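1. Below is the sequence, then the predicted model.
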Amino acid sequence: MSLKPGVAWIIGGGSGIGAAVAKLLAERGWTVAISGRRVEKLQAVASGHSSIVPYPLDVTDTAAVAQTVASVAHDLGRIDIFIFGAAAWQPMDAGDYALDQFETVLNTNYLGVIRMANPVVAQMQRQGGGHFAVIASVAGYFGLPRSAAYSSTKAGLINLLETMRAELAQRHVVVRMIAPGFVKSELTDKNDFPMPFLMETDDAARRIVDGLTQSDRFEIAFPKRMVWLMKTMRWLPYPIFFWLTEKMVPKDS
């Protein structure tokens, strides 16, 4: 299967992977809507690309979500590929489950997708179908120490998308789950720990665009070495699993 260029909409298109995906799709003949909270970032990405159109949006604002979906569909005619790439991430101390930090991450990473789902799916049904993609993470494959909020929202997204893939197939909406490893970005710049198999942003963008446009498979996960490492961890018996993950927890000073 190969998708012909059409209209793509990227949430989180003002920086990082989202911006790189937007530029690559535009280079390949797509019209691309990009959304995010920082207007100046969106304008910088769109600069020099006549086929990239900014639509400022805060995914925690339910009313704004509905209005922006309607605007994109009205202005560009349809939404062939929707990519949710907005993400909140904050390193936390081991054993710290501060409610305010969890609420911030949950509100963007997970509930942001929920707010987008009904209006975007409804638009895709009206136009006869489309692809609904969400950037999760290999961090969603199992519970990572010091990443309780982030990792649990990504795990929740993977579960949600598995459900949506089955439920929306008859409506001709193809649900896709993207699970990158560590990619150079503003988010990973916050990390104070080793990041194995760290990838360049453009490499990650190419893998995402190729995966979305050259197949209809559910899971687009990379790099393969890290994917298999994470999945192997998930398959281990719990005594071994916890023996390994406890070694990832910093010792109390």
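-> Thanks, I have the structure now.
2. Can you give me the distance of the residue positioned nearest the centre of the chain to residue 29?
-> Centroid check for the chain by C-alpha atoms, centre = their mean gives residue 135 as the closest residue, at 1.9 Å. Per C-beta to C-beta, to the nearest Å, residue 135 is found 22 Å from residue 29. For glycine as for every other residue, the C-beta is placed from the backbone atoms N, C-alpha and C.
3. who touches residue 8 in this structure?
-> Each residue near residue 8 by C-beta atoms under 8 Å, 6 or more residues apart in numbering is listed here: 22, 25, 30-33, 79-83.
4. now residue 94, nearest residue through space, not along the chain?
-> Distances taken as C-beta to C-beta, 6 or more residues apart in numbering put residue 249 closest to residue 94, at 4.9 Å, once the chain neighbours are dropped.
5. For that neighbour, give its distance to residue 239.
-> Applying C-beta to C-beta, the value for residue 249 to residue 239 is 16 Å.
6. which of the two has more neighbours?
-> Comparing residue 249 with residue 239 by neighbour count (other C-beta atoms under 10 Å), the higher total belongs to residue 249, at 11 against 8.
7. Surely that one is in contact with residue 146?
-> Yes: with contacts counted by C-beta atoms under 8 Å, residue 249 reaches residue 146, the gap being 7.5 Å.
8. Spell out the secondary structure type for residue 79.
-> Using DSSP: H, G, I helix; E, B strand; the rest coil, the structure places residue 79 in coil.
9. quick one, what contacts the nearest residue to residue 215 once chain neighbours are set aside?
-> Closest residue to residue 215 apart from its sequence neighbours, by C-beta to C-beta, 6+ apart: residue 1 at 5.9 Å. Applying C-beta under 8 Å, 6+ apart, we find residue 1 in contact with 214-216.
10. and what of residue 49?
-> 22-23, 26, 32.
11. which pair in those spans the largest distance?
-> 23 and 32 (8.3 Å; C-beta to C-beta).
12. what residues do the two have in common as contacts?
-> Counting by C-beta under 8 Å, 6+ apart, the residues touching both residue 23 and residue 32 are 49, 52.
13. Compare neighbour counts for the two and give me the winner.
-> Counted by other C-beta under 10 Å, residue 23 and residue 32 do not tie: residue 32 has more neighbours, with 28 against 21.
14. how close does residue 81 get to residue 66?
-> The gap separating residue 81 from residue 66 is 20 Å, by C-beta to C-beta.
15. out of these two, which sits in the busier spot?
-> Set side by side, residue 81 and residue 66 show more neighbours around residue 81, with 24 against 15, by other C-beta under 10 Å.
16. helix/strand/coil for the residue nearest to residue 147 when sequence neighbours are not counted?
-> Spatial nearest neighbour of residue 147, chain neighbours left out: residue 139 (5.9 Å); criterion: C-beta to C-beta, 6+ apart. Secondary structure for residue 139, judged by three-state DSSP, is helix.
17. Likewise for the one 10 residues further on?
-> Three-state secondary structure (criterion: three-state DSSP) places residue 149 in helix.
18. what does residue 96 give?
-> At residue 96 the chain is in coil, as set by three-state DSSP.
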